[in-house]
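1. 3D model of this:
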Amino acid sequence: MTKSTVEKIKFKDKDFTWVSINGPNEKAVQYLRKTYKFHHLDLEDCMSEIHQRPKIDDYEDYLFMILHVPVRQGAKKQLKTSELYIFIGQNFVITLHHNNPIINKIFETCKKKKKIKEEYMGKGTGYFLYMIIDDLFEAGFPLLDDLSKHLNGLEMEVFDEDHSRDRLKEILLFKKDIINFRRIIMPQRAIVAQLEHKNKKFLPEKLDVYFDDIVDKIEKIWNNLENLQELVASLQETNESIISHNTNNVIKILTLFSVVMLPLTFITGFYGMNIQTLPYAGNPQSLTIIAAILVGIAVTMIGFFKYKKWL
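-> Residues are numbered from 1 along each chain as shown. Down below sits the predicted model:
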């Protein structure tokens, strides 16, 4: 059983409780089952070992949401999906997550600073939900900035003539991050847009404009990802063109070298026959003469190649 922490923050003026469960396990889910009487299918979703699809379930006395947000995790800081489960009622919000850094930061800040706590929790559960979701997707912009800087670095390396080498692996890893980011963000647009039309007991109509603002942020993230995807595709094509060009240059030089060596090899092989009647075979200067002929042929061929601009 995984380790789970259940923490609460209460805002007495609004009779509002925020319960944050980090690493939900059977014990934590049992606590929710007894305390809040949530639907068993929602609790099963919270315990599932596989990622659930993002969704909103609307009940008479609460809403249940599943959201996916991008985070960097692991030693290599790879971009991965962080799954967040949210229960929201008239006087409570429950968040279940697996060590999501944004939720952890907000919870610790609200617990330590009264002013921040009032800012988040002082306007009811609906506005608190907006603040949480807004922070989650606002954190996507620094990730976009990191991706843009990484792409600029790759671009400089690809076009660096002094250190030209195959950057295919780095480019493909970057494309993997873009693909993961897009896969995470795409379904969230529809989910957040649905919040405008859900149970007005928890999400008053005056919050419509706030959730519209989140949708705009998600659209902006999506558009930036599309631009990055196009740029990295162009960079991959450029990298392949440069590597192909360099390979062709190497093959051309080796081919010309082989062509130059061909007549020289023929002559040395011809004079390698043990026959006394070969030209200059009996001449004491035969070695000098043959060497001069070989050098002359090589210089003539190289000069011809330069004249044709093949070198």
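
2. average pLDDT across stretch 293-311?
-> Mean pLDDT, computed over stretch 293-311, is 84.

3. Could you list the low-pLDDT ranges of the chain?
-> 1-2, 74-76, 161-165, 199-200, 202, 205, 275-276, 281-282 (pLDDT under 70).

4. shouldn't Met121 be in contact with Asp15?
-> No - using CB atoms under 8 Å, Met121 makes no contact with Asp15, being 10.7 Å away. In short, each C-beta sits where N, CA and C put it, glycine included.

5. Neighbour count: these two, which is higher?
-> Counted by other CB atoms under 10 Å, Met121 and Asp15 do not tie: Met121 has more neighbours, with 22 against 10.

6. Okay, that one and Phe107: tell me how far apart.
-> Using CB to CB, to the nearest Å, Met121 is found at 11 Å from Phe107.

7. again, but for Leu43
-> Using CB to CB, Leu43 is found at 21 Å from Phe107.

8. And Thr268, by the same measure?
-> Noted for Thr268: a distance of 83 Å to Phe107, by CB to CB.

9. now Asn248
-> Asn248 sits 59 Å away from Phe107, going by CB to CB.

10. ok, the two, which is more surrounded?
-> Per other CB under 10 Å, whichever of Asn248 and Phe107 has more neighbours is Phe107, with 20 against 10.

11. which residues does the more buried one contact?
-> Residues near Phe107 by CB atoms under 8 Å, 6 or more residues apart in numbering: 7, 9, 18, 20.

12. So which of those residues sit within strands?
-> Among the contacts of Phe107, DSSP state E puts 7, 9, 18, 20 in strands.

13. Surely the last one and Thr95 touch.
-> Yes - the criterion here is CB under 8 Å, and Ser20 meets it with Thr95 at 5.3 Å.

14. what's the overlap in contacts for those two?
-> Common contact partners of Ser20 and Thr95 (CB under 8 Å, 6+ apart): Ile103.

15. got the contact list for Met121?
-> The contact partners of Met121, taken as CB under 8 Å, 6+ apart, are 9, 11, 14, 16, 18, 110, 128.

16. Skipping adjacent residues, who's closest to it in space?
-> Leaving aside its chain neighbours, Met121 sits nearest to Phe11 (4.1 Å; criterion: CB to CB, 6 or more residues apart in numbering).

17. Just give the number of residues close to the one you found.
-> 18.

18. who does it bridge with?
-> Beta-bridge partners for Phe11, by DSSP bridges, are Phe16.

19. ok, it - contacts?
-> Shown in contact with Phe11 (CB under 8 Å, 6+ apart): 17-18, 117-118, 121-122.

20. Also Phe174?
-> Contact partners of Phe174, counting by CB under 8 Å, 6+ apart, are 147, 150-151, 154, 232.

21. Buried among those? Make that a PyMOL selection.
-> If you want just the buried ones from those in PyMOL, going by 16 or more other CB atoms under 10 Å, the selection is:
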select buried, resi 147+150+151+154+232
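
22. any chance of the contacts of Phe174 in a markdown table, plus secondary structure and distance to Lys176?
-> Converted to a markdown table, the contacts of Phe174 look like this (DSSP: H, G, I helix; E, B strand; the rest coil; distance: CB to CB, whole Å):
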| residue | secondary structure | distance to Lys176 |
| --- | --- | --- |
| Leu147 | helix | 11 |
| His150 | helix | 12 |
| Leu151 | helix | 13 |
| Leu154 | helix | 13 |
| Val232 | helix | 10 |
